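> Following is a predicted model, sequence given first.
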Amino acid sequence: MSLLDAIPSGVLPPLPVAIPLAVCALILMLSKRLHGHMPDILATLTALVASALCMLIATRAAESGPLIYWFGGWTPRDGHAVGIGFQIDAASAWIAAFIGLLYAAAFVFAWGYFTNVHGHFQVLMLLFLAAMTGFCFTRDLFNLFVWFEVMSVAAFALTAYRLEGSALSGALNFTVTNSLAGFMMLGGIGLIYARAGTLDYEGLRLAVAANARDPVVAAAFCLIAVALMIKAAMVPFQFWLADAHAVAPSPVSVIFSGAMVSLGLFGLAKLTWVVFSGSDRILAALSDAMIGLGSLTAILGGVMALRQRHLKRMLAFSTISHAGIMILGIGVLSQAGAGGLLVYLVGHGLVKGALFMVAGILLATRASIDEIGLRGLGRGIEPAGIAMALGGLLLAGLPVGLLDQGTHLMQGALDERGHRVALIATVLGCGLTGAAVLRGAARIFLGWGSVAGDEARAPSEDEQEKADRPLWLMLAPCLFLLALDLAAPAGPVEDLVRNAVPNFLHMSEPQTALPHGIAWLPWLSVAMAFAIAGYDLSRGHLPKVLLKLGSGVQAGPFRLLDAAHSGLIGDYVTWIVVGLALLAGRLALA
Amino acid sequence: MTPIMSALPFCVAAWLFAIGLYGIVTSRNYIHLVGCLGVCQSATYVLLLAVGYRWDSVAPIFYDHPPGTPAVDPVVQALVLTDIVVGATLTALLLVMAIQVQKRRGTLDPEELAPMKEQQAADACKGRVAEPQR
Amino acid sequence: MSLRLRLILLALSALVLVPGFGSVIGHIPGFGSEIPAYGELINRIGPAERQVANMVSAINFDIRGLDTLGEEFMLLAAIAGTVVLLRGQRGTDTADTAIRLPGRPLVPRAEAVTLVCRIFGPLIAVFGLYIVLHATVTPGGGFQGGVILASGTMLIYLGEGYAGWRRSVLSGWLDAMEGGGALVFTLCGLGPMLVGAAFMENLLPLGIYKDMLSGGLILIENLGVALAVTGGFTQLFLEFMEETREPAAGEDTPSE
């Protein structure tokens, strides 16, 4: 430890961003000379180093407050920022450390999978990592946009990697919608810059507080929030996600679902609290919008997940559902809510990453991703089945591990503020997505559920990934992520929420007593997951009346939902405009 | 200046964004759609440059004018430069995808390019048996 | 959703958005009336503290240099992505001839074209370098100059034909230029940290105001960016041009 202590805090902040960038430039420069597993090794080590540096920053920030760093030595003059700053509180640093670990796991999982592209895969992934870290650390609005775009560009290219028709259409939808998000964000930045005359969070915060009812500020917020909500796949901006995550290579989907989507929410939470919390008008509108849209998203994502047969598409919809639950943590506008969001983000990332790895294992060893086509074919790779079932249970809310601690905090915060509907939505979202994963696990690994329900009509496609890795090499990172989720100790996490979150939120009066969630709620969602999965799996044995009732309930509105997820970019962009109008309308009324 | 003139650039920006969106929503060809996305992006150029403009000021390059001459805002110009690079990268990527999608699906009509085909209920349980590996 | 339904939804949204836009217009500082305080501050700082005449370069490569680092890597990501996606199953074979559309006549290149390209190629290269080197003085810089330099390489294709272009432009070198340039830029950031300064702090001698060699570190960063952009854009041209190559035996012609 003495070696680590010797590193002064003052040099740490730029390193987790600069080191991956330097390594990525190096890999590209030497791409023709790096043979075999060199790029894999370099990339994994870099991700681990970045993660370790973030952890070091986190402990330093916990001891002595957020680390502030001014690039180029441009310290503020007379209180006005000149250059770009990083401000790293312990919570942001922990999130970045988690992202680094997730990348390391994904690199190990993808070991050798991308050798034929001369390290270009590692180049893109490392850039993606650096951008995410920069996104977490920055305190400059335009710098945030730059990292947002670097993230997007790397993601677009990675999505289309398989170069099949579906992958390309999915990537096109992803690119067009997220580019629009970028433009809206830049528009919002332009507007708020016109009002505030600065791009630094602190300066913006003062300007927002001084112009609390200014339509220019409200419009800027509206555009920036919509941009981040497109990234975070809130209803009605969620359409691109199912297309993109379903077609991306599985190691990439691990990152997409585990980190990229929730990072949109992280950014939104940070901007909401740090910049826009000075305006009552914005806070009131935001709370309503996030609680409403979040509840809707949680339920819709869950319902759609249950109606899928393509495993990655099903996991993608479950990500939508859980993102909906996470945004509730912003909407309740309390410390416990924000803390719940951060803990949930990490827990969900770990579990969802592990589940996408199981999907990747099936793609590599069983050459299919279709739940119905794979029925009973999971024999021989039981450990993957156990991982999948465990992942399903954790998604459903099994009260152990980090994800549950997040759920607990979040439900406590919702209960405290009396958001009953949102509370029910969290239970439904967890239950439905858990049921979908459990049904898949039982069908694939136990061979149950010979008669399929509505999911048989869902879109699917033949797909496979190269089977060039031993099973244990793919299983190890998957189990590692699950173990990390299960092993996270409850006490320190709660302390972190109590101590680190106020700094993250720039909150002047921290709450010391955190509300506690209702203990039996997680069991309710687990029971619901078992009941729904059981119903779906035993269609062959149930009385006809019951089945008729079930399909009767499912018929009309759900078919409409299926039809809305048409895969057509024109529809998606229309929905984006509708969502923008909804938020703008709510802001105008506030 | 007249009130019309002081609002005009912002109206142009909004108009560009709106017709760009209209173009994307109604597009029947991906190359056209990429162009429309570019139109949407030009709205951000106009907005940013309008925010940083001031009448009777010079460009923020103090070569022919001594430092201290009233100049327009250089920050938005730097932001627009970054924005242009964003535009170039997006266009390149989208065109690559369009080329590849044309090769594979034989069409560039966004209305015919849904990512996955819906399955017929008939082939529901027709599993493909894959050879177990290692 | 039918087109009609989409347009109806768009129109309904416009009903909400247009009044909102109207109230924004009513409150935003009018066009041309004032500029944000940040811009005023930089217009004061740039010439006084960095001996730089071109404020946009001062922002891009010094005051807000981190943005440009991100921007540089965004370009790198896009080009790496383009290479992965275009090369795909095509492979990296080279051939001597471009693909030929049946029925289209093959017109031999006029000698005048070759001559013009050989004259203008070097001129464009010099012009590109001029733009790169005068980043701190006049409009221009690494990005703009790099794109000009890269477009100069297209004259090789025009003047010498596909085979000549393929012989003189090698993808491995382009990767090295692109990665190397980006690495130079990153090291310009990390280097000052070795002597205890901040990331990308401009410690080099700042030179004389309005002189080509002014701005210290800004010049080196510009060279790095120019290298990366030249390599990157040429790579982009190369990959798109490869789409016109006759596929070699055994390479895929995908279809579904």
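On my side now, so go ahead. Numbering: from 1, shown residues only, chains lettered A, B, ... in the order given.
> all contacts plus neighbour counts: C-alpha atoms, from now on.
Noted.
> which residues in the stretch 101-250 of chain C form helices?
Secondary structure of the stretch 101-250 of chain C by DSSP state H, counting those that start in this stretch: the helices cover C:111-133, C:142-168, C:171-194, C:217-242.
> Equivalent analysis for the stretch 251-400 of chain A, please.
Going by DSSP H, counting those that start in this stretch, the stretch 251-400 of chain A shows helices at A:261-274, A:280-306, A:311-331, A:335-365, A:382-396.
> Chain neighbours aside, what residue packs nearest to the residue of the stretch 1-150 of chain C found nearest chain B?
Residue nearest to chain B within the stretch 1-150 of chain C (C-alpha to the nearest C-alpha): residue C:32, separated by 3.7 Å. Excluding the flanking residues, the one nearest residue C:32 by C-alpha to C-alpha, 6 or more residues apart in numbering or on different chains is residue B:54, at 3.7 Å.
> go on, residue A:220?
In space, and not counting its chain neighbours, residue A:220 is closest to residue A:188: 4.0 Å by C-alpha to C-alpha, 6+ apart.
> how about the residues of the stretch 101-250 of chain C near chain B?
Near chain B, the residues belonging to the stretch 101-250 of chain C are C:137-139, C:210 when assessed by C-alpha under 8 Å from any C-alpha of the partner chain.
> Max pairwise distance over those residues: which two?
Put simply, by C-alpha to C-alpha the two of these set farthest apart are C:139 and C:210, 12.3 Å from each other.
> rewinding a little: which of the residues of the stretch 101-250 of chain C next to chain B has the largest number of neighbours?
Counting neighbours by other C-alpha atoms under 10 Å in any protein chain shown, residue C:137 leads those with 26 neighbours.
> got a list of what that residue touches?
By C-alpha atoms under 8 Å, 6 or more residues apart in numbering or on different chains, the residues touching residue C:137 are B:61, B:63, C:52-54, C:210-212.
> Now with 10 Å, please.
Neighbour list for residue C:137: B:61-63, C:51-55, C:57-58, C:131, C:209-215 [criterion: C-alpha atoms under 10 Å, 6 or more residues apart in numbering or on different chains].
> Would you mind giving me the ChimeraX syntax to select the buried ones in those residues?
This is how ChimeraX selects the buried members of the contacts of residue C:137, with burial counted by 16 or more other C-alpha atoms under 10 Å in any protein chain shown:
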select /B:61,62 /C:51,52,53,54,55,57,58,131,209,210,212,213,214,215
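> Could I get the pLDDT score of residue 55?
Using chain A. pLDDT for residue A:55: 96.
> not quite, I wanted chain C
Per-residue confidence at residue C:55 stands at 93 (pLDDT).
> again with the one 10 residues further on
Residue C:65 is assigned a predicted lDDT (pLDDT) of 94.
> do residue B:134 as well
pLDDT for residue B:134: 34.
> Residue A:235 now?
With respect to pLDDT, residue A:235 has a value of 89.
> Chain neighbours aside, what residue packs nearest to it?
Excluding the flanking residues, the one nearest residue A:235 by C-alpha to C-alpha, 6+ apart is residue A:297, at 5.3 Å.
> cool, and residue A:473?
Nearest residue to residue A:473 in three dimensions, chain neighbours excluded: residue A:109, at 6.7 Å (C-alpha to C-alpha, 6+ apart).
> Kindly report the same for residue C:30.
With C-alpha to C-alpha, 6+ apart as the criterion, residue C:30 has its nearest non-adjacent residue at 4.8 Å, and that residue is residue B:6.
> Just list the residues touching the one you found, thanks.
For residue B:6, the contacting residues are B:50, C:25, C:28-33, by C-alpha under 10 Å, 6+ apart.
> Return the member of those residues nearest to chain A.
Among the contacts of residue B:6, residue C:28 lies closest to chain A (C-alpha to the nearest C-alpha), at 6.2 Å.
> Spit out the contact partners of the closest residue to the closest one other than its chain neighbours.
In space, residue C:28 comes closest to residue A:216 once its chain neighbours are excluded; the distance is 6.2 Å by C-alpha to C-alpha, 6+ apart. Shown in contact with residue A:216 (C-alpha under 10 Å, 6+ apart): A:188, A:191-195, A:208, A:222, C:20-21, C:23-29.
> mind redoing it with 8 Å?
Going by C-alpha under 8 Å, 6+ apart, residue A:216 touches A:191-192, A:195, C:24, C:27-28.
> Determine the angle, from 0 to 180 degrees, between the host helix or strand of it and helix A:261-274.
Residue A:216 is part of helix A:215-231 when elements are defined by DSSP states H and E. Here helix A:215-231 points in a direction 160 degrees away from that of helix A:261-274 (axes from the mean of the first three to the mean of the last three C-alpha atoms, to 10 degrees).
> right, and the helix or strand after helix A:215-231?
Counting by DSSP H and E, what follows helix A:215-231 is helix A:239-247.
> Adding distance to residue A:455 as columns, could you present the helices of the stretch 251-400 of chain A in a markdown table?
Shown next, in a markdown table, are those (distance: least, C-alpha to C-alpha, whole Å):
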| stretch | distance to residue A:455 |
| --- | --- |
| helix A:261-274 | 25 |
| helix A:280-306 | 7 |
| helix A:311-331 | 10 |
| helix A:335-365 | 18 |
| helix A:382-396 | 18 |
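> which one of those helices is the most hemmed in?
helix A:311-331 (a mean of 30; mean count of other C-alpha atoms under 10 Å in any protein chain shown).
> coming back round to it: strands - which of the contacts of residue C:137 land there?
Of the contacts of residue C:137, none are assigned to strands by DSSP state E.
> Any idea how many residues pack against residue A:472?
Residue A:472 has 13 neighbouring residues, counting by other C-alpha under 10 Å.
> Tell me which helix or strand it sits in.
In this assignment (DSSP H and E), residue A:472 forms part of helix A:471-487.
> Going by neighbour count, list what's buried in that helix.
Residues A:471, A:474-475, A:477-479, A:481-482, A:485-486 are the ones in helix A:471-487 that count as buried (16+ other C-alpha under 10 Å).
> What segments of chain B are helices?
Taking DSSP state H, the helices of chain B run over residues B:3-26, B:30-51, B:74-105.
> Packing partners of the second one?
If I follow you right, that is helix B:30-51. In this structure, helix B:30-51 packs against helix A:165-196, helix B:3-26, helix B:74-105, with contacts taken as 3 or more C-alpha pairs under 8 Å, 6 or more residues apart in numbering or on different chains; DSSP states H and E.
> roughly how far out does the shortest one sit from the chain middle?
Same thing as helix B:3-26. 14 Å (C-alpha atoms, centre = their mean, to the nearest Å).
> okay, the angle between that helix and helix B:30-51?
Using the same axes, to 10 degrees: helix B:3-26 against helix B:30-51 is 160 degrees.
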